[in-house]
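**Q** sharing a model that was predicted from the sequence below.
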Amino acid sequence: MKEWLTSERCLPSDWRQATLIGRAWSPDAGGPVPVAVVDGAVRDLSPTASTSAELLNLPNPRNAARNGASCPLGANPDELLANSDQDSRDPRRPWLLAPCDVQAVKAAGVTFVASLLERVIEEQARGDASKAEGLRRSILSVIGESLHDVRPGSSESQRLKELLIAQGVWSQYLEVGIGPDAELFTKAQPMSSVGTGADVGIHPRSEWNNPEPEIVLAISGDGKTVGAALGNDVNLRDFEGRSALLLGKAKDNNASCAIGPFIRLFDERFTIDDVRKAEVALQVSGPDGFSFDAHSSMSQISRDPLDLVAQTIGANHQYPDGLVLFLGTMFAPTIDRSAAGKGFTHLVGDVVTVSTPTLGALVNRVNHSDRTAPWTFGALALMKHLAARQQMRQS
């Protein structure tokens, strides 16, 4: 996978003018440090902020990243990216981690009509992929194109809900897809997300699963959206299809949440409007020779990104350390891979690339979650690491 991890492939097309912040494992520091790519160089920002969360909670994180105290990391962007391939990593050199640390990791679901229909199909199929195609035809014959122009929470959506209930096709997924309240859930624990170059995990008992290419917003503790990254919300369609109460098991497994390669901070060159009009590409390259490309247009999202932020953080729910928020995907993997009528599912060894020109590319290889690198460095380890660094500075 090392050949995929270059600045040309993984960084934004205008990366030399962008402000990119993230985290790297620094062997010299003995743990993670916040970093920034500024004017083509990688800088260790730990003299300015000890964590990614602290940096993003500063009054002006972009100025802090560009002008605050820093020191060289000891690797340029290409070296840092290349050493992020966990299969060929030199542990004596720094490598990229997920760009968030102690922030909450939240996700919005069912925010695109295409994925909404697939969630309804999963529910009706009870997790059995062989039933999906027949159900898809049946549900579309009733719903047709009626959902595409419906604004969630509107009086029109309420009338449509009543109609669908009368026709016997109402679903809990339609409720969050066109109702007033978005589906918002905890995707992963703080510190558990993996970065570019790492393996992503699918549960070994899952037989129907898929990547979910998404844009991820970075939000400060006071609710300000300060930047964006790419994400892969790895999903087990069979687990969630059996019961929505299995959402936690379908979504939160070892290495099932990938974010990266960096968070791009908003500025005059990159704003929330660039998120709203982004085209997110997905590429899956399998060890069996399978290749698949798809695109997800953020212009098709049913709820505005900032509306999702407002439903996530506010008077009813605070996140003092900030959060990152997956915005959902329109990716609906209906292509048959292994057998007719079975749809798409991952094979171990798939290389998954999520990309868009303004944010670069997030690249990961698929493995079973019990064979990915175990998660061992959590919040307690981080606190011990920071305390040890502080003691070193004072001695």
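**A** Yep, that arrived. Numbering: from 1, shown residues only.

**Q** surely residue 96 touches residue 80?
**A** Yes. Using Cβ atoms under 8 Å, residue 96 is in contact with residue 80, at 5.9 Å. Backbone N, C-alpha and C define where each C-beta goes, glycine included.

**Q** list the residues that contact both of these two?
**A** residue 24 (Cβ atoms under 8 Å, 6 or more residues apart in numbering).

**Q** tally of neighbours for residue 102?
**A** 17 (other Cβ atoms under 10 Å).

**Q** contacts only, for it.
**A** So residue 102 contacts 51, 52, 53, 190, 191, 321, 379, 382 (Cβ under 8 Å, 6+ apart).

**Q** confirm the last one sits in a helix?
**A** I take that to be residue 382. Yes. Under DSSP: H, G, I helix; E, B strand; the rest coil, residue 382 sits within a helix.

**Q** that one touches residue 50, doesn't it?
**A** No. Residue 382 is beyond contact range of residue 50, at 9.1 Å (criterion: Cβ under 8 Å).

**Q** where exactly do the helices run in the stretch 51-200 of the chain?
**A** 52-56, 61-67, 77-82, 113-125, 132-143, 155-167, 172-178 (DSSP state H, counting those that start in this stretch).

**Q** what's the last one packed up against?
**A** Using 3 or more Cβ pairs under 8 Å, 6 or more residues apart in numbering; DSSP states H and E as the contact criterion, the neighbours of helix 172-178 among helices and strands are helix 113-125, helix 155-167.

**Q** what's the least confident stretch among the ones you listed?
**A** Lowest mean pLDDT of these: helix 113-125, a mean of 67.

**Q** list the buried residues for stretch 276-288?
**A** For stretch 276-288, burial by neighbour count (16 or more other Cβ atoms under 10 Å) applies to 278, 280, 281, 282, 283, 284, 285, 286.

**Q** redo those as JSON lines? Include secondary structure.
**A** Supplementary listing: those in JSON lines, determined by three-state DSSP:
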{"residue": "278", "secondary structure": "coil"}
{"residue": "280", "secondary structure": "strand"}
{"residue": "281", "secondary structure": "strand"}
{"residue": "282", "secondary structure": "strand"}
{"residue": "283", "secondary structure": "strand"}
{"residue": "284", "secondary structure": "strand"}
{"residue": "285", "secondary structure": "strand"}
{"residue": "286", "secondary structure": "coil"}
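
**Q** and stretch 280-295, C-alpha only, in PDB?
**A** This file holds the C-alpha atoms of stretch 280-295, laid out as PDB (Å, rounded to 0.1, in the frame of the first residue of the first chain):
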ATOM      1  CA  VAL A 280     -16.400  12.400  -2.700                       C
ATOM      2  CA  ALA A 281     -14.900   9.500  -4.600                       C
ATOM      3  CA  LEU A 282     -14.600   5.900  -3.500                       C
ATOM      4  CA  GLN A 283     -12.300   3.300  -4.900                       C
ATOM      5  CA  VAL A 284     -12.000  -0.300  -3.800                       C
ATOM      6  CA  SER A 285      -9.200  -2.500  -5.100                       C
ATOM      7  CA  GLY A 286      -9.500  -6.100  -4.100                       C
ATOM      8  CA  PRO A 287      -6.900  -8.900  -3.800                       C
ATOM      9  CA  ASP A 288      -9.200 -10.900  -6.100                       C
ATOM     10  CA  GLY A 289      -8.700  -8.400  -8.900                       C
ATOM     11  CA  PHE A 290     -12.000  -6.700  -8.200                       C
ATOM     12  CA  SER A 291     -12.100  -3.000  -8.800                       C
ATOM     13  CA  PHE A 292     -15.000  -0.600  -8.000                       C
ATOM     14  CA  ASP A 293     -15.400   3.200  -8.200                       C
ATOM     15  CA  ALA A 294     -18.200   5.300  -7.000                       C
ATOM     16  CA  HIS A 295     -19.000   9.000  -6.300                       C
END
